[in-house]
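A.B. asks: model the structure of this input:
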Amino acid sequence: MKPAPLYERVKQHLTEAISAGRYVPGQRLPSENDLVKRLSISRMTVNRALRELSRDGVIRRVKGVGSFVNEPNHHASLMEIRDIRHTIAERGTEHSCRLLEAGARAVSGETADALCVPEGTEILYAVILHFENGAPLQLERRFIRKDFAPGFLEIDFEEVSAFDYLQSIAPVSELEHIVEAARPDSLEITTLGIEPDAPAIRVRRRTWVGETVVTLGFFSHPGDRYRVSVRIKPADFPHRRGERDAPIVAGPAGCGSIGRR
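C.D. replies: Numbering: from 1, shown residues only. As a prediction, the model looks like this:
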């Protein structure tokens, strides 16, 4: 596999530093010249990394002043994004996983529509089976825009969470969850041990960075061993004067903002 481009490594270096709290919201980042010296790379590479982080809403660039860490986007806090590894760890049980398939493919139909890309666009994907204390708990089918995470297939998925890796590139700015109970498909029956007439719980998740849909995931679980809950406060939904309530939208949202048509 080819190593990730240098500008992607610069983006990851900065987002990891922001996630670790070395740079806090409102704080100024090192200048382009400082980053060139620290990382021993070209100014053009640093500039592209900063441009893309600004496009993704991670930082704010002020001409003649510098780049500053943005405040976290409020939409991401309306529904917590949980990785199955973290959930299992909090329960004090043991997580393990097995990579079933990974690669690149051209997308079409509903997948292309959900990712807001033309049919035939090559994307990256991985199919991972997660276990709790040796019992299958989640089938993860994840599709990634190649231009967002070109190094995705280099991950050792048994050691590194795909969720954590993607968050390190750029934090999510918008999120869509669709939850359904449905008859299991053949892969869910085989991997999760669900009876053909028993329900599977599926969560379809799309994430945005800036205005771009960057990931599409399908997370399937045995219906008798998994539940989904959301706890919110009215204060989580600030109202702006003259703005009507955002309607609850049934079915998939479009390629723009969540919850509004």
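A.B. asks: C-alpha only now, for contacts and for neighbours.
C.D. replies: Will do.
A.B. asks: Arg183 and Asp197 touch, don't they?
C.D. replies: Yes. Contact status for Arg183 versus Asp197: in contact at 6.5 Å, counting by C-alpha atoms under 8 Å.
A.B. asks: next secondary structure after the helix or strand bottoming out on mean pLDDT in the chain?
C.D. replies: Least confident helix or strand, the chain: helix 84-90 with a mean of 80, by mean pLDDT, DSSP states H and E. Later in the chain than helix 84-90, the nearest helix or strand by DSSP states H and E is strand 95-106.
A.B. asks: please export the C-alpha coordinates of that next one as PDB.
C.D. replies: Extracted C-alpha coordinates of strand 95-106, given in PDB (Å, rounded to 0.1, in the frame of the first residue of the first chain):
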ATOM      1  CA  HIS A  95     -13.800  -6.700  22.800                       C
ATOM      2  CA  SER A  96     -12.400  -8.400  19.900                       C
ATOM      3  CA  CYS A  97     -13.000  -8.100  16.100                       C
ATOM      4  CA  ARG A  98     -12.200  -9.800  12.800                       C
ATOM      5  CA  LEU A  99     -11.800  -8.100   9.400                       C
ATOM      6  CA  LEU A 100     -14.000  -9.900   6.900                       C
ATOM      7  CA  GLU A 101     -13.300  -7.800   3.900                       C
ATOM      8  CA  ALA A 102     -11.700  -4.500   2.900                       C
ATOM      9  CA  GLY A 103     -10.800  -2.800  -0.400                       C
ATOM     10  CA  ALA A 104     -11.800  -0.200  -3.000                       C
ATOM     11  CA  ARG A 105     -14.900  -0.400  -5.200                       C
ATOM     12  CA  ALA A 106     -16.900   1.800  -7.600                       C
END
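A.B. asks: okay, now the sheet partners of it, with direction.
C.D. replies: Note on strand 95-106: by DSSP bridges, its sheet partners are strand 122-132 (antiparallel).
A.B. asks: and the average pLDDT for the strand it pairs with is what?
C.D. replies: Taken as a whole, strand 122-132 carries a mean pLDDT of 95.
A.B. asks: do stretch 197-214 as well
C.D. replies: pLDDT averaged over stretch 197-214 gives 89.
A.B. asks: ok, stretch 53-61 next?
C.D. replies: With pLDDT averaged residue by residue, stretch 53-61 scores 79.
A.B. asks: what about it, distance to the chain center?
C.D. replies: Distance of stretch 53-61 from its chain centroid, counting by C-alpha atoms, centre = their mean, to the nearest Å, is 17 Å.
A.B. asks: list the buried residues for the least confident helix or strand of the chain?
C.D. replies: Buried residues in helix 84-90, counted by 16 or more other C-alpha atoms under 10 Å: 84-85, 88.
A.B. asks: do the same with stretch 40-60
C.D. replies: Residues 45-60 are the ones in stretch 40-60 that count as buried (16+ other C-alpha under 10 Å).
A.B. asks: any idea how far that stretch is from the middle of the chain?
C.D. replies: Offset of stretch 40-60 from its chain centre (C-alpha atoms, centre = their mean): 20 Å.
A.B. asks: do stretch 200-213 as well
C.D. replies: Taking mean C-alpha positions (C-alpha atoms, centre = their mean), stretch 200-213 and its chain are 7 Å apart.
A.B. asks: how about it as CSV, C-alpha atoms only?
C.D. replies: Provided in CSV are the C-alpha atoms of stretch 200-213 (Å, rounded to 0.1, in the frame of the first residue of the first chain):
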residue,chain,number,x,y,z
ALA,A,200,-31.8,-7.4,13.4
ILE,A,201,-31.3,-3.9,14.6
ARG,A,202,-29.6,-1.7,12.0
VAL,A,203,-28.2,1.7,12.4
ARG,A,204,-27.3,3.7,9.3
ARG,A,205,-24.9,6.5,10.0
ARG,A,206,-23.8,9.3,7.7
THR,A,207,-21.2,11.8,8.8
TRP,A,208,-20.4,15.2,7.4
VAL,A,209,-17.2,17.3,7.6
GLY,A,210,-18.1,20.8,6.6
GLU,A,211,-20.6,20.5,3.8
THR,A,212,-19.3,17.1,2.5
VAL,A,213,-20.6,13.6,3.3
